[in-house]
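# make a model of this:
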Amino acid sequence: MNRIFLLHAEDPVAVALADLPAGEILPGAATVRGGVPRGHKVALCDIAEGAAVYKYGQVIGHATRPIAAGEHVHSHNLGMSAHTDDYAHGSLAKPTAYVPEDQRDTFMGYRRGDGKTGTRNYVGIISSVNCSATVAHHVVREVEKRGLLENFPHVDGVIAITHGLGCCISNRNEAFAMLQRTIWGHVRHPNFGAVMMVGLGCETNQIPAMVEAFGKPPSGSMHYLTIQQMGGTRKTIEACIEKLISDVLPTANQARREPVSASELIVALQCGGSDGLSGITANPALGLAVDRLVAQGGSAVLAETPEVYGAEHLLTRRAVRPEVGEALIERIRWWEDYAAKLDGEINNNPTPGNKAGGLTTILEKSLGAVCKAGSTNLVSVLRYAEPVKERGMSMMDTPGYDPMGVTGQVAGGSNLLCFTTGRGSVFGYKPTPSIKIATNTPMFRHMEEDMDINAGSIADGEETHEQVADRIYQEILRVASGGQSKSEALGFGDCEFVPWNISAQM
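Numbers count the residues shown, from 1 in each chain. A predicted model of the protein is given here:
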């Protein structure tokens, strides 16, 4: 088993692939001082105080004191520093080598009336405001209690999509537009065979206004009512059940899986509970799978703008047009201003778990995170919950908080999710299935009931990145065709709808 991993020939640090005890002699004759945990950085040479420290051949911070060869490099001796602003928009963009359409891979998906393709066939009960959330959950419980799905075998389930927003906010700003985009992106999501919206009636976020603004989904697939209109809680629940039985469930039950080109897949990319191996194993392997998907005509959506901070120059170089790269930098500047106004700090993004796993600064975390996007062109930069319109790899502006990020990506049309983790994030989402990819073998074995794929085999020297990428790609096609992921088997997805709220709540 390899003991350390050097990511770039000129890096002064390497990553420990196993716990390194004090006294171990490393390649190049450096002796480990004091021990270095797995996933953490070890100095390969002496580093002067104030010197830039490189990993991936990129700056991840500066030495806050002299660092001796063989010493553990982490938050006690490595600090945040400036990074490049040489964005070179589009300098590395190149034509995509597409697989001919008649040779493309397929999966078994649901073709919808608006031309989109689903990987699941749920029915959604979606609240417009928190005031109708309890009723939405009651409706789902009544469906389960009455065993209604026994008569509709082609429906994957009835789920409640609820939230804590929708009223006492301005309806004339970007925050309100974000909320409406997020909700309507789920109303029109291809993984729903049909939906029913439930409102209170007097809220700011009026359902008819959303219908007018966004247009009603295909005929028969969307219905709505309000509690005040129906005469209270019990009457609303009964009205919903009657509508489900008469219209909604029969409509959804008509859907059947059929062979669909892999070009119809839109895969959301996430990493959470990361560690020092995330940028070495799972993320680059997922990036290779993304390149393969894009060559098939498919799409991927990178997100978590605060976790691109420090690596944005690697994406701007791949922008298909200068304005795409410039749009990403505009979002980066927005986040710098946003954090400053709220007395925040972008560099505080690596959580205690991330730091325990070996990640020190946001620059280091971001350089590993963008590996998920592979090497393909950046075709668009999307605002939160904006629909994906261009095939290829897009960047969506979201927070680094996983549930908020995924909520925006799914609202944008992502019909499948790939989620890498080194610490062991347990996460799933409805209506979009989640594939969990472990970065290291010990965690995979410890949490195997939650993890779908082990990319730690790369660090173990048992597989190449290409071999793991092939397993990820095949798992994408399997799960898209109806194969159950681990998070689905565990019942995740009922509590993870978390819209991003930047509004003044009055």
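# please make it C-alpha for all contacts and neighbour counts, starting now.
Will do.
# how close does the closest residue to residue 383 other than its chain neighbours sit to residue 407?
Distance criterion Cα to Cα, 6 or more residues apart in numbering; nearest residue to residue 383, sequence neighbours excluded, is residue 397 at 5.3 Å. Noted for residue 397: a distance of 12 Å to residue 407, by Cα to Cα, to the nearest Å.
# same thing with residue 429?
Distance check for residue 429 against residue 407: by Cα to Cα, it reads 8 Å.
# so for these two, which residue has more residues nearby?
residue 407 (26 against 22; other Cα atoms under 10 Å).
# what about the strands in the stretch 251-400 of the chain?
Assigned by DSSP state E, counting those that start in this stretch, the stretch 251-400 of the chain shows strands spanning 258-261, 266-271, 299-302, 378-382, 393-396.
# closest to residue 91 out of those?
strand 378-382 (11.7 Å; Cα to Cα).
# tell me the average confidence for the closest one?
The average pLDDT for strand 378-382 rounds to 98.
# so the residue nearest to residue 383 sits right up against residue 331, yeah?
Yes. Residue 397 is in contact with residue 331 according to Cα atoms under 8 Å; the separation is 7.1 Å.
# and those two? Which one has more around it.
residue 397 (25 against 19).
# spit out the contact partners of the more buried one.
Counting by Cα atoms under 8 Å, 6 or more residues apart in numbering, residue 397 makes contact with 303, 304, 305, 331, 381, 382, 383, 384.
# next one: it from residue 341, what distance?
Residue 397 is 18 Å from residue 341, where distance means Cα to Cα.
# same question, residue 28
According to Cα to Cα, residue 28 and residue 341 sit 47 Å apart.
# hang on, the earlier thing: format the strands of the stretch 251-400 of the chain as TSV; extra columns: mean neighbour count and distance to residue 322.
Converted to TSV, the strands of the stretch 251-400 of the chain look like this (neighbours: other Cα atoms under 10 Å; distance: least, Cα to Cα, whole Å):
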stretch	mean neighbour count	distance to residue 322
strand 258-261	16	31
strand 266-271	28	24
strand 299-302	28	19
strand 378-382	24	11
strand 393-396	27	14
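# export those strands as JSON lines, with columns for distance to residue 292.
Compiled in JSON lines, the strands of the stretch 251-400 of the chain are given as follows (distance: least, Cα to Cα, whole Å):
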{"stretch": "strand 258-261", "distance to residue 292": "13"}
{"stretch": "strand 266-271", "distance to residue 292": "12"}
{"stretch": "strand 299-302", "distance to residue 292": "10"}
{"stretch": "strand 378-382", "distance to residue 292": "15"}
{"stretch": "strand 393-396", "distance to residue 292": "11"}
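# let me know which of those strands is the nearest to residue 65.
It is, among the strands of the stretch 251-400 of the chain and with distance given as Cα to Cα, strand 266-271, at 31.0 Å.
# listing partners with orientation, what would you give for the closest one?
If you go by DSSP bridges, strand 266-271 pairs up with strand 299-302 (parallel), strand 416-421 (parallel).
# which residues does it contact?
298-304, 369, 372-373, 402, 406, 409-410, 413-421.
# any idea how far the strand or helix carrying residue 228 is from the chain center?
Under the criterion of DSSP states H and E, residue 228 resides in helix 227-230. In terms of Cα atoms, centre = their mean, to the nearest Å, the gap separating the centre of helix 227-230 from the centre of its chain is 36 Å.
# please apply the same query to stretch 16-27.
Here stretch 16-27 shows a centroid-to-chain-centroid distance of 34 Å under the convention Cα atoms, centre = their mean.
# kindly report the same for stretch 16-30.
Taking Cα atoms, centre = their mean, one finds stretch 16-30 lying 35 Å from the centre of the chain it belongs to.
# and that stretch, what's buried?
16, 17, 18, 20, 26, 30 (16 or more other Cα atoms under 10 Å).
# and what of stretch 153-170?
For stretch 153-170, burial by neighbour count (16+ other Cα under 10 Å) applies to 154-163, 165-167, 169-170.
# can you name the residues in contact with that stretch?
120-130, 133, 136-137, 140, 143, 149, 176, 179, 193, 203-205, 249, 252-256, 430, 494, 497-499, 503-506.
# can we see that at 7 Å?
Residues outside stretch 153-170 that contact it (Cα atoms under 7 Å, 6 or more residues apart in numbering) are 120-130, 133, 136-137, 140, 176, 203-205, 252-253, 494, 497-498, 503-506.
# same question, stretch 361-368
60-61, 80, 278-279, 283, 307-311, 347, 349-350, 359.
# can you do 6 Å?
60, 279, 307, 308, 310, 311, 347 (Cα atoms under 6 Å, 6 or more residues apart in numbering).
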